[in-house]
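Student: coords below, sequence missing:
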């Protein structure tokens, strides 16, 4: 019959089912993904600094918001860190308007956050006055401003010590100082372990020490006290405990009525390359914890050594110029 058009052979039900399955690439059993990813705040991602091959150094973080102060993630931890709001100060929450030093671009062979120190040969460390210490006899966390000669803020330093430790050990207390830059990043951490005080001053267990980490979690050196009969003597060491510089203080470290000068010396013990000067501010220096330090070093000095000299300043302040409320009452 010529009027009948031949049709395609009819497919079986099994062949139709196989064709429908092959058209859908989705597998029958989806894998289960256990992800601990936590979405970050909205906004564009911060660019990586030049000079780092795809990753940032351990402990360094570029926040999307200035109010974020992340710390080092514990090794092997699968859960994100949680931070208490308001625990750390934010630069834009300073009680008075602050002019910050413009931050230079990231540099090679420079720990992140220390780029400002590469341009400076002099910084001022100003301690905040705490009225509660004089009025109530309660030892509060110390706060410092680090400024340049143009009175521009370079860093903010805050002590992070619990109330019991501060008021039990006073000037001998172990502490953690956190140094933040204009972006609110914790760029440097200074840790002082507890060392007992006894009559045997030449005993190594009584000598004070300060460890400097930059970025937090990466040790770049330490400041170690050495026994001397009449002077304050320190050594500035690198991460390998090799002595790089020395600090030699005056015979009278308290400097009543005059400045106290701590010379920063080269390895030969004679050449003076810088200084840590505690300025005498009259009655404020004698009665209150509001010290002013002037730190000087060569502009071409390695930036890590500049950071170590800055750390030595804080150890000197706690050892010789931190007046406890008990001392005020006496």
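Tutor: On my side now, so go ahead. Not measured: the values here are computed from a predicted model. Numbers count the residues shown, from 1 in each chain.
Student: ok, longest helix in the chain?
Tutor: helix 303-316 (DSSP state H).
Student: list the contacts of residue 281.
Tutor: Residues near residue 281 by Cβ atoms under 8 Å, 6 or more residues apart in numbering: 290, 291, 292. C-beta coordinates here come from the backbone N, C-alpha and C atoms, glycine included.
Student: which single one of those is nearest to residue 227?
Tutor: Of all these, residue 227 sits closest to residue 291, with 24.6 Å by Cβ to Cβ.
Student: my read is residue 262 is in a helix, agree?
Tutor: No: judged by DSSP: H, G, I helix; E, B strand; the rest coil, residue 262 forms no part of a helix; its state is strand.
Student: on the three-state scheme, residue 301 is what?
Tutor: Once three-state DSSP is applied, residue 301 turns out coil.
Student: so what's residue 155 bridging to?
Tutor: For residue 155, the beta-bridge partners under DSSP bridges are residue 146.
Student: hang on, the earlier thing: buried sites along the longest helix of the chain?
Tutor: 303-316 (16 or more other Cβ atoms under 10 Å).
Student: now stretch 242-251
Tutor: Buried residues in stretch 242-251, defined by neighbour count with 16+ other Cβ under 10 Å: 244, 245, 246, 247, 248, 249, 250.
Student: low-scoring pLDDT stretches of the stretch 151-300 of the chain, where are they?
Tutor: Within the stretch 151-300 of the chain, the ranges that satisfy pLDDT under 70 run 196-206, 252-256, 282-289.
Student: go again with 50.
Tutor: For the stretch 151-300 of the chain, residues meeting the criterion pLDDT under 50 lie at 199.
Student: show me the helices in it, by range?
Tutor: 163-169, 283-287 (DSSP state H, counting those that start in this stretch).
Student: which among the contacts of residue 281 end up buried?
Tutor: Using 16+ other Cβ under 10 Å as the burial test, the contacts of residue 281 include 291, 292 as buried.
Student: dump the contacts of residue 281 to a markdown table, plus distance to residue 214.
Tutor: Output for the contacts of residue 281, formatted as a markdown table (distance: Cβ to Cβ, whole Å):
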| residue | distance to residue 214 |
| --- | --- |
| 290 | 27 |
| 291 | 23 |
| 292 | 24 |
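Student: which one of the contacts of residue 281 sits closest to residue 239?
Tutor: Using Cβ to Cβ, residue 291 comes nearest to residue 239 of the contacts of residue 281, at 28.5 Å.
Student: right, I'll call it a day here.
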